[in-house]
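Peer 1: no FASTA, just this:
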């Protein structure tokens, strides 16, 4: 069954390689797609806050206190949102507002107010009328400290007031990314295991009858007469089994015929020689008593030859059977005693 194992190995290798490449491709897009979806929602939030600030400006000026109260109130709110298996219980979105010179007028985190952010890509690009976004680390040594920023222009492009930027730590999104990665690992693993199990089961179903037929052929080769093994419902293997059975019967019949002729020739030599010798002596003159004795020898040897032929015919009928229709217990003691006597 070496061929079976080698075939299974290569099938497993091909399936494993394909699943690995598929999993690698899926994993490579999980993080970018998740951050892309997050960034898309941040663009909407930035445009919405820009509209609020613009409305305040039209009403008389930017009301920083109103924004502070809104963000502080939102940060203190208690909620539980189960998003595709990820539990979110706090607000992770922040925002800051800069004027046209880049000076920070408001920061929901309270750390950037008064800082000039004109060099920041989200502020500089937005003031030039482009899409302003950036991802910056709060700790250069920590790759998970990145914060995504998205800017939106406040006021018309001809005379802007400034820029409102919303920001969100990427660590808020990492649990979702990790959950999706685990789902890919589990899904790919289960699919691979299922395919390998199915392929293995099919191979066992196909090759097990072949193994049984191989053992059957080996037992025949060793001189045994085993019954035909049960091979299931497979049409091909059963056809092969019947062909092997027919070949076995044909070969056994041929070998038996050879043995039968050899045995018959050997066993018939003695009675035929005795009959021939007695017949030759009868051609000579001899006393009547001797003649009767030789005639009796001819009759005895003829009977012996007939009994021998009958027994060989019975033996031929018995050995021609592949199995016994009826079985019964036999006491071998009298048979052995009679054979010894």
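Peer 2: Thanks, I have it. Please read all numbers here as calculations on a predicted model, not as lab measurements. Numbers count the residues shown, from 1 in each chain.
Peer 1: If we ignore the residues flanking it in sequence, what's nearest residue 85?
Peer 2: residue 179 (5.5 Å; Cβ to Cβ, 6 or more residues apart in numbering). Where C-beta positions appear, they are placed from N, C-alpha and C, glycine not excepted.
Peer 1: ok, the one you found touching residue 86?
Peer 2: Yes. At 5.8 Å, residue 179 counts as touching residue 86 under the criterion of Cβ atoms under 8 Å.
Peer 1: Work out for me the element the residue positioned nearest the centre of the chain sits within.
Peer 2: Nearest to the geometric centre of the chain sits residue 196, at 1.5 Å (Cα atoms, centre = their mean). Assigning secondary structure by DSSP states H and E places residue 196 in helix 174-221.
Peer 1: list the helices and strands that helix packs on?
Peer 2: helix 2-58, strand 86-88, helix 235-282 (3 or more Cβ pairs under 8 Å, 6 or more residues apart in numbering; DSSP states H and E).
Peer 1: I'd like the ones you listed laid out as TSV, including distance to residue 78, mean pLDDT and mean neighbour count.
Peer 2: What follows is the helices and strands packed on helix 174-221, written out as TSV (distance: least, Cβ to Cβ, whole Å; pLDDT from 0 to 100; neighbours: other Cβ atoms under 10 Å):
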stretch	distance to residue 78	mean pLDDT	mean neighbour count
helix 2-58	21	85	14
strand 86-88	12	80	13
helix 235-282	69	68	13
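Peer 1: Tell me which of these sits nearest to residue 107.
Peer 2: When the helices and strands packed on helix 174-221 are compared by Cβ to Cβ, helix 2-58 sits nearest residue 107, at 12.9 Å.
Peer 1: and that closest one, what other elements does it pack with?
Peer 2: Partner elements for helix 2-58 (3+ Cβ pairs under 8 Å, 6+ apart): strand 94-99, strand 146-154, strand 162-169, helix 174-221.
Peer 1: quick one, it and strand 94-99 angle?
Peer 2: 40 degrees (axes from the mean of the first three to the mean of the last three Cα atoms, to 10 degrees).
Peer 1: which SS class is residue 306?
Peer 2: Three-state assignment for residue 306 (DSSP: H, G, I helix; E, B strand; the rest coil): helix.
Peer 1: Quick check: which of the helices and strands packed on helix 174-221 is nearest to residue 94?
Peer 2: Between the helices and strands packed on helix 174-221, helix 2-58 lies closest to residue 94; by Cβ to Cβ that is 10.4 Å.
Peer 1: what angle separates the closest one from strand 162-169?
Peer 2: Using the same axes, to 10 degrees: helix 2-58 against strand 162-169 is 150 degrees.
Peer 1: what distance separates helix 2-58 from the middle of the whole chain?
Peer 2: Chain-centre distance of helix 2-58: 25 Å, with Cα atoms, centre = their mean, to the nearest Å.
Peer 1: tilt between it and strand 146-154?
Peer 2: Going by the same axes, to 10 degrees, helix 2-58 makes 40 degrees with strand 146-154.
Peer 1: after helix 2-58, next one along is what?
Peer 2: helix 64-76.
Peer 1: buried sites along that next one?
Peer 2: Judged by neighbour count using 16 or more other Cβ atoms under 10 Å, the buried positions of helix 64-76 are 67, 71.
Peer 1: orientation of it relative to helix 2-58 in degrees?
Peer 2: Interaxial angle of helix 64-76 relative to helix 2-58 (the same axes, to 10 degrees): 150 degrees.
Peer 1: Need the mean per-residue confidence for helix 64-76.
Peer 2: The average pLDDT within helix 64-76 is 86.
Peer 1: With stretch 164-180 instead?
Peer 2: Computed over stretch 164-180, the average pLDDT equals 87.
Peer 1: centre of the chain versus it, how much separation?
Peer 2: 36 Å.
Peer 1: relative to helix 2-58, how tilted is the helix holding residue 196?
Peer 2: 170 degrees.
Peer 1: Could you give the separation of helix 174-221 from the chain centroid?
Peer 2: Remark: helix 174-221 is offset 4 Å from the chain centroid, using Cα atoms, centre = their mean.
Peer 1: Identify the bridge partners of the nearest residue to residue 120 once chain neighbours are set aside.
Peer 2: Nearest-residue entry for residue 120: residue 134, 6.5 Å, with adjacent residues in sequence omitted and distances by Cβ to Cβ, 6+ apart. On the basis of DSSP bridges, residue 134 is bridged to residue 149.
Peer 1: Which pLDDT value goes with residue 134?
Peer 2: 91.
Peer 1: give me the low-pLDDT residue ranges for the stretch 101-250 of the chain?
Peer 2: For the stretch 101-250 of the chain, applying pLDDT under 70 flags the ranges 220-221, 223, 225-226, 228, 231-238, 240-242, 244, 247-250.
Peer 1: circling back to that earlier point, close enough to count as contact, the residue nearest to residue 120 and residue 122?
Peer 2: Yes. Contact criterion Cβ under 8 Å: residue 134 and residue 122 qualify, at 5.1 Å.
Peer 1: Between these two, tell me which one has more neighbours.
Peer 2: Taking neighbours as other Cβ atoms under 10 Å, residue 134 and residue 122 compare with residue 122 leading, 27 against 18.
Peer 1: All set, thanks.
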